[in-house]
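Peer 1: Provided below for reference: sequence and predicted model.
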Amino acid sequence: MQTDHATSAVSAGHPPAPPAEPGPDALRAGLGELVAATGRVRQALETVVTGRPDLVRVTVAVLLAGGHLLVEDVPGVGKTTLAKALARSIDCRVGRVQFTPDLLPSDLTGVNIYRSTSGEFEFRPGPVFNNVVIGDEINRASPKTQSALLECMEEGQTTIDGTTYTLPRPFLVVATQNPVEMEGTYPLPEAQRDRFMARLAVGYPDNAAEMTMLDAQQSADPFAHLEPVTTAEAMTRYTAWTRAVHAAPAVKQYIIDLAVGTRDHAGLRLGASPRASLQLLRVAKAHAAMAGRQHVLPDDVQALAVPVLAHRLILSTESRLAGVSATEVVQDIVERTAIPAGPGTVGSVARRPAAGRLADPSR
């Protein structure tokens, strides 16, 4: 367990209200700053994570939307590298936790320590009291320890011995996990997976990207020249701007249709929750803002449907035996769901999400 920056004073009480959303004129004026800042973050990540601009784009969209990110794949493909690069690109407090079977919930949230000199208990905050928390191999810890993050991720607070402590803002959990069929892993509970806005699979690089990596990193630390390109305060402001991006009723209905499609699909035992619909809308707004638009297109929803929805679904027994993946089910639903047409959706072109690149790594 590691904390990269000293933790400041911890306050008890309810989390502070987020910054107010700007009006249309203020959003229009600030979009240029937002696009420039997120562009710098993407460039910083791409210096470390080579050959995966699609992965970087979704990662930054989740950051901008104020969500949490789950990165799943086999060991050695760059999951932790992506998480560390994202944390280093922002000037903020960073905490890192290496999840192990003997990790306790208090190792994450903190613990009250009795001081005999004063006769009082002193609260020692854990690594969740940072802006960015890197949870390495989260599914190697027991379900009890994994569940310690539930309140933190959903409400921006944690309760210890009856006292509720606020977490800093912004608060982002970037967790990595290995496939569940590997030794020493515990599958994440459904409630835990549902709190991650998106799940990504890094995948193996292509030949050119792997050659670039070998040339660039054979004698140099890939993080040596990675400097912060924005601040935590700026990201909090951009997140508020992002939520002011307009989504037409037809686009919102499209999101609902996709969610309902997962609930009614014969190949699924559990479909997407209302939280999934809300998070898909939020990250679609972030995707639109990164493109400099004040309105969401169905394209934004389609581009993010797989990473936002697939990890929340539970396949039926028949689908698992047939070798069908949750990614394929989401792609099938996207293909079969009618594209909305109307005010606020002009310019959208229906397309199928790219298979494999952001796919569900488990089949």
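Peer 2: Thanks, I have the structure now.
Peer 1: residues of the helix ranked longest in the chain that come out buried?
Peer 2: Counting residues, the longest helix found in the chain (DSSP state H) is helix 24-46. Neighbour-count burial for helix 24-46 flags 27, 30-31, 34-35, 37-38, 41-42, 44-46 (criterion: 16 or more other CB atoms under 10 Å). In this view, the C-beta of every residue, glycine as well, is placed from N, C-alpha and C.
Peer 1: Can you tell me what sits against that helix?
Peer 2: 22, 52-53, 56-57, 59-60, 63-64, 82, 85-86, 88-90, 226-227, 229-230, 234, 238, 241-242, 244-245, 289-292, 294 (CB atoms under 8 Å, 6 or more residues apart in numbering).
Peer 1: now the next helix or strand after it and helix 24-46, what's the angle there?
Peer 2: Later in the chain than helix 24-46, the nearest helix or strand by DSSP states H and E is helix 53-65. Per axes from the mean of the first three to the mean of the last three CA atoms, to 10 degrees, the angle that helix 53-65 makes with helix 24-46 is 140 degrees.
Peer 1: Return the alpha-carbon coordinates of the very next helix or strand once past helix 53-65 using CSV.
Peer 2: Following helix 53-65 in sequence order, the next helix or strand is strand 69-72 (DSSP H and E). Provided in CSV are the C-alpha atoms of strand 69-72 (Å, rounded to 0.1, in the frame of the first residue of the first chain):
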residue,chain,number,x,y,z
LEU,A,69,-12.7,3.0,-14.3
LEU,A,70,-12.1,-0.8,-14.2
VAL,A,71,-9.3,-2.1,-16.4
GLU,A,72,-9.3,-5.8,-16.9
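Peer 1: For strand 69-72, which strands pair with it and how are they oriented?
Peer 2: Strand 69-72 sits in its sheet next to strand 172-177 (parallel), strand 198-200 (parallel), going by DSSP bridges.
Peer 1: Mean pLDDT lowest where, among those?
Peer 2: Mean pLDDT per stretch puts strand 172-177 lowest among the strands paired with strand 69-72, at a mean of 90.
Peer 1: Heading C-terminal from it, find the next helix or strand.
Peer 2: helix 190-194.
Peer 1: Quick one: mean pLDDT over that next one.
Peer 2: Rounded mean pLDDT across helix 190-194 is 87.
Peer 1: List the buried residues in it.
Peer 2: With burial defined by 16+ other CB under 10 Å, the residues of helix 190-194 counted as buried are 192-194.
Peer 1: and it, what other elements does it pack with?
Peer 2: Using 3 or more CB pairs under 8 Å, 6 or more residues apart in numbering; DSSP states H and E as the contact test, no helix or strand touches helix 190-194.
Peer 1: which outside residues touch it?
Peer 2: 70, 146-147, 149-150, 199, 270, 273, 275-276, 311-312, 314.
Peer 1: what's the distance between it and the middle of its chain?
Peer 2: 13 Å (CA atoms, centre = their mean, to the nearest Å).
Peer 1: now the most centrally placed residue in the chain: how far from residue 291?
Peer 2: Residue closest to the average C-alpha location in the chain (CA atoms, centre = their mean): residue 69, at 2.1 Å. Going from residue 69 to residue 291 by CB to CB, to the nearest Å gives 20 Å.
Peer 1: Let me know the secondary structure of residue 81.
Peer 2: Classification of residue 81 using DSSP: H, G, I helix; E, B strand; the rest coil returns helix.
Peer 1: do the same with residue 300
Peer 2: Applying three-state DSSP: residue 300 is helix.
Peer 1: To residue 319, which of the strands paired with strand 69-72 lies closest?
Peer 2: Nearest to residue 319 among these is strand 198-200; the distance by CB to CB comes to 18.1 Å.
Peer 1: Could you pull up the residues touching residue 268?
Peer 2: So residue 268 contacts 262, 313-316, 319, 326, 329 (CB under 8 Å, 6+ apart).
Peer 1: Switch these over to JSON lines; also include distance to residue 285.
Peer 2: Converted to JSON lines, the contacts of residue 268 look like this (distance: CB to CB, whole Å):
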{"residue": "262", "distance to residue 285": "21"}
{"residue": "313", "distance to residue 285": "23"}
{"residue": "314", "distance to residue 285": "27"}
{"residue": "315", "distance to residue 285": "29"}
{"residue": "316", "distance to residue 285": "32"}
{"residue": "319", "distance to residue 285": "31"}
{"residue": "326", "distance to residue 285": "24"}
{"residue": "329", "distance to residue 285": "25"}
